[in-house]
Structures are given as C-alpha cells and as structure tokens.
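[1] can you look at this prediction? I've put the sequence above it.
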Amino acid sequence: ERLGGADQVVVARPFAAWVDDQTLADPRQILEHVHGVPVSYWDGDWEGLAQTLIFLDGGAPRPRVFAVIGAGDIGGLVAPLRNRAVGAFMAATVAAVRQAVPGLSVDQSREWGALTSAGVGTARPWVIEPVDEEQLAAAVRVVCARGCSVAVLGSGTNMIGSDDCLPALVVRLNRGGFGRWSVEADRVVAGAGVNLGELSRSLLKAGLLPVAVAPLAWIPGTLGGAVRMNAGADGGTMSDWVLRVHGLDADGQPWTADRDSIAWRYRGSDIPGSVTITQVELRLRSVARAGLARRRYSDAGKARRGRQPKGRHAGSTFQNAGECAAGKLLDACGCKGMHEGACSVSAKHANFLVCDAGCREADVAALMTRLRCRVMSETGVRLRPEIVFANPATARAVDHTPGPLRVAVLAGGESTERVVSLASGRAVASALEAAGHDVALIVLEHNCLPAISPAIDVVFPALHGEYGEDGGVQADLEAAGIPYVGSGPVASALIMS
C-alpha cells in the first residue's frame, strides 16, 4: 500500500544472506502486492540499475526523489545512482551555459587528481575558463539560476578532489585579464588567477615588495585563493598586503570591499562565499627596504624547504590552534607514521599528509578524522582543517568529528578580586576558542549560580576569591548536576581556608 504512492517501483535481487534460500524469502513476491503503479524486478548489478532509473523517462532534467529501501548490500545502489543523477543534472546545466555564453571554454577532460597538487580525486568535474568578467557573470547567473553550485579553483594546492560526481561547476580564472597584473602608482592591480609566487618574486626583483609579506612568495597558489583564505607564512599574511578586493556576487553583479571593511581572521575572512574574487589591489613599498625584503624572502625559503616533505600533498592539513602549532600537537600525540590506505602522515612534518599513488578522497578524510580524535582525546584541542575538500559533504563529515565542547566560562562575582576574575575569564574563553571549542563567557554580578543552558557540556569557573575558590560555586554546580572543571567543593574550601 505504501509503495503504491510512488511513480514507479523496482524490486531488486535479494541480498547475499538470502541467495541460497529463495523459497524462504523471494522478493519477487512483492510485485504481486503493488497496485496502481508500474512495478518491475531487477536482477542485474547496481550500476546497470542506476542507469536504468535515471533514464526511465529519457533522462529529462526534473526534480525527483529516489527512495532506496532494504537491507544488506542495497546501499551499493546509492553511490552510482547519485553519480548518474548528478551527471545528468550537470550535463543539462553545461548545455544551458554553452547556449547562454557562446565561446566560453568548457571542459571535462581532467580528473580532480590532475587539477590538484595532492593528486586525489577520480571524478571529472566540468570546468569553465572565462576570459573576462562578462563571460564569468553570464555563466554564474545561468548556473545559480539552475540551483547549481559554483566552485572556484586556483592552483589546487590546498584542495582534495572528489571521487564522486558533484553538482558544481568549477571556475578557473587563468585566462585573459584574470591572469595579468600591472603597477599603478602606489599599488599593483592583479587578476585573481595570477600566480602569487611569480607576482611576489617580480615585485621583489623590482624592489617593490613589502618586507612583511616577502615570505608569501613561497606560497604555491593563485592570488584569489590566497586572499580568500588569508594565506600566511612566517608571520606575514595577505591581509597585511591587500588594499581592495573586487569580485562578482551570485547574481553576476560587481562586488568591492576595501581592506578595512573586511573582517580578517587567521586563515579566513568574512568575504561572502557566494562572491567570486576577480581582481585584487595590493600596496607597494619603495626600493629603500628592498635588501631587507630579499633577506626575509631567502630565510623563509630555507625554512620552508627544511620542514616540508617531498611527495604529493595539499600543504598544511590543520590550522594552528592559537599559539599551539598543529604539527607539534600531532607529533606530541604520536601521529607520525599513521596512515589510511595510500594516505600517510609525513615522518618529516606531522601536519602534512602525503598522498601516494591510488590515494582516495576517503583515505584522506578517514585519516584526518583519526588525527583530530587523537589530539582532542589527549590534549583537549580540536584541530580545524586547513585543507579544503571539493566535496562539501566530505568537508562537513571531517569538520564535525569530533564535535567541539560547549563550554560556559564563569567570571566576575562580588569578591574583591572581580577585576582579576574578568581578565582571567576572557583569557580562558579566548584560549578555549582557539582550541576549537564553542564558548559562552558568563559574567556574574552576584555570588550565585546563573542559569546554565542545558546545551552546555561543561562549566569552567574562572571566579576568584569568595564563592569562586571557596567551594561555593562548585557545590552549586554539583547540586544542579552540571559538570565543571577543577577541584570539588570540599577540596576548594580546605585550600581556601
């Protein structure tokens, strides 16, 4: 009766546990009880069934829902069915783009592995390479109107490609003005596809590269990608160099932001994800400090060569946790040498994953998850990925495990040490946030336990003096059944006295 609500029903072959006992449970008997809709039996492989389902009505692009119901190996149908569905959707999207933007370069000849430094990813994404903003804007409007995502790919030096077909059109800005730059008065105006290293070395040679950003010349990526992630090296960051950023929004409309209007952060900013960066303006320096810039560039190169492993990789795997270097945390937790499939932690630097031949997207994701869990378990630090996954589902899976703790930090109170407590509370909250946790700083005006959300995992009392250190808040937390950090009420009271 329930299956009668579908447009079409396909009953598949039995899973392995039933193969030798057809008389006990023959799924073909289901066909006799489905009424009012077309129903058929499938005895082939999953790839063939996926192809058949996608082209039931000629493969016409329209919204549809596939319900895969059962046990055993029926799950093997999901990946090929999804890839076929996404493939048909992307083919229709690309056809619409080609029609709307004649002359646009559209290609599907390369695997993700050929487009990225790590060499991971067997799927072949559709890639467009516009020559100007007019072509880019027209293509983006068509793609977004069809509910398809736009994924901008620079040099692919921090990217892990996908083994699955993705509902996204990849944009590479390496043609026309996107790949050129020029010096104008006190600034350089460069396309987003300009190679950061080549640009930096040219400016260094001319004596125009600011000293603070000289180490950035060793970053192997494009200017647009470096600005997007606020790339940094040896103390210098892109935010130290940027004057203005230009781009296009999801509607193909111009978008511009000055440096000071952008909220820059470690390895990121608040530049909207829907904006495609097309051009960047960078500040210049006079030749007076050219010698110092060259020395800093040389020193940074020597340090980089000394710490980075050979082989294919996607750069730093995790972001540093505040003042704690991710590589040192991983090394201290004994992570060097760990591996999943053809992906392994470098013996030279624990924050690099070396991807050998045959490495799969799942290998990288599984190893990153294991590394995060180990560091979280042994140090309480939740490492944030710096590597970017082409597949958003993979990125979410890695980023959400292990989940961060939700911590309430208590500060303030009525004691004479209130000011000290407030300073301690802010410092503790900042350190916990740097370690990857979700933190709520709660300031107490009186010596009594405030309302604590049931969503909080643990409380960190940063209260000083009376109520905070004499066991008062600890007794209240225990009475309320709320986990907390530190000594219990008896020990606190004893030490306070």
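    Sure, I can see it.
[2] tell me the SS of Ser40?
    Secondary structure, DSSP: H, G, I helix; E, B strand; the rest coil: Ser40 is strand.
[3] which residues does it form beta bridges with?
    Val10 (DSSP bridges).
[4] kindly provide the distance from it to Pro27.
    Relative to Pro27, Ser40 is positioned 12 Å away (C-beta to C-beta, to the nearest Å). No exception for glycine: its C-beta is placed from N, CA and C like everyone else's.
[5] what's the overlap in contacts for those two?
    Common neighbours of Ser40 and Pro27, using C-beta atoms under 8 Å, 6 or more residues apart in numbering, are Val11.
[6] tell me which of those two has more neighbours.
    Higher neighbour count among Ser40 and Pro27: Pro27, with 15 against 10, using other C-beta atoms under 10 Å.
[7] correct me if wrong: the more buried one contacts Val11.
    Yes: counting by C-beta atoms under 8 Å, Pro27 touches Val11, with 5.3 Å between them.
[8] so what sits against both of these two?
    Counting by C-beta under 8 Å, 6+ apart, the residues touching both Pro27 and Val11 are Tyr41.
[9] and stretch 204-216, what's its mean pLDDT?
    For stretch 204-216, the mean pLDDT works out to 87.
[10] what residues are up against the spatially most central residue of the chain?
    Centroid-nearest residue in the chain: Val388, 4.4 Å away (criterion: C-alpha atoms, centre = their mean). Residues near Val388 by C-beta under 8 Å, 6+ apart: 158-160, 229, 314, 395.
[11] filter those residues to the buried ones?
    Among these, those buried by neighbour count (16 or more other C-beta atoms under 10 Å) are 158-160, 229, 314, 395.
[12] nearest to Trp241 among those residues?
    Using C-beta to C-beta, Met229 comes nearest to Trp241 of the buried ones among the contacts of Val388, at 13.8 Å.
[13] make TSV from the contacts of Val388 and add secondary structure to it.
    What follows is these, written out as TSV (three-state DSSP):
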residue	secondary structure
Asn158	coil
Met159	strand
Ile160	strand
Met229	coil
Ala314	coil
Ala395	helix
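[14] with distance to Pro125 and pLDDT added, can I get those in JSON lines?
    Listed next are these as JSON lines, based on distance: C-beta to C-beta, whole Å; pLDDT from 0 to 100:
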{"residue": "Asn158", "distance to Pro125": "17", "pLDDT": "93"}
{"residue": "Met159", "distance to Pro125": "11", "pLDDT": "96"}
{"residue": "Ile160", "distance to Pro125": "13", "pLDDT": "98"}
{"residue": "Met229", "distance to Pro125": "20", "pLDDT": "91"}
{"residue": "Ala314", "distance to Pro125": "17", "pLDDT": "95"}
{"residue": "Ala395", "distance to Pro125": "16", "pLDDT": "94"}
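[15] of the residues you listed, which is the nearest to Asp7?
    Closest approach between the contacts of Val388 and Asp7, by C-beta to C-beta: Ala395, at 33.4 Å.
[16] which ones are touching the closest residue to that closest one other than its chain neighbours?
    Distances taken as C-beta to C-beta, 6 or more residues apart in numbering put Phe389 closest to Ala395, at 4.1 Å, once the chain neighbours are dropped. The contact partners of Phe389, by C-beta under 8 Å, 6+ apart, come to 159-160, 162, 361, 365, 395, 398.
[17] show the pLDDT at Gly471.
    95.
[18] next one: Trp241
    At Trp241, the pLDDT value in this model is 92.
[19] how about it, nearest residue that isn't a chain neighbour?
    Closest residue to Trp241 in three dimensions, ignoring its sequence neighbours and counting by C-beta to C-beta, 6+ apart: Val213, at 4.6 Å.
[20] does that neighbour touch Gly235 like I think?
    No: contact criterion C-beta under 8 Å: Val213 and Gly235 do not qualify, at 9.6 Å.
[21] identify, from the contacts of Val388, the entry nearest to Pro489.
    Pro489 has its nearest neighbour among the contacts of Val388 in Ala395, at 43.7 Å by C-beta to C-beta.
[22] ok, back up a step: and the gap between the residue nearest to the centre of the chain and Thr278?
    Val388 is 19 Å from Thr278, by C-beta to C-beta.
[23] what does Val68 give?
    With the distance defined as C-beta to C-beta, Val68 ends up 42 Å from Thr278.
[24] more crowded one of the two?
    Using other C-beta under 10 Å as the criterion, Val68 and Thr278 rank with Thr278 on top: 24 against 12.
[25] ok, now which ones touch the more buried one?
    Counting by C-beta under 8 Å, 6+ apart, Thr278 touches 133, 136, 173, 178, 191-192, 224, 246-248.
[26] need the three-state assignment for it.
    Classification of Thr278 by three-state DSSP places it in strand.
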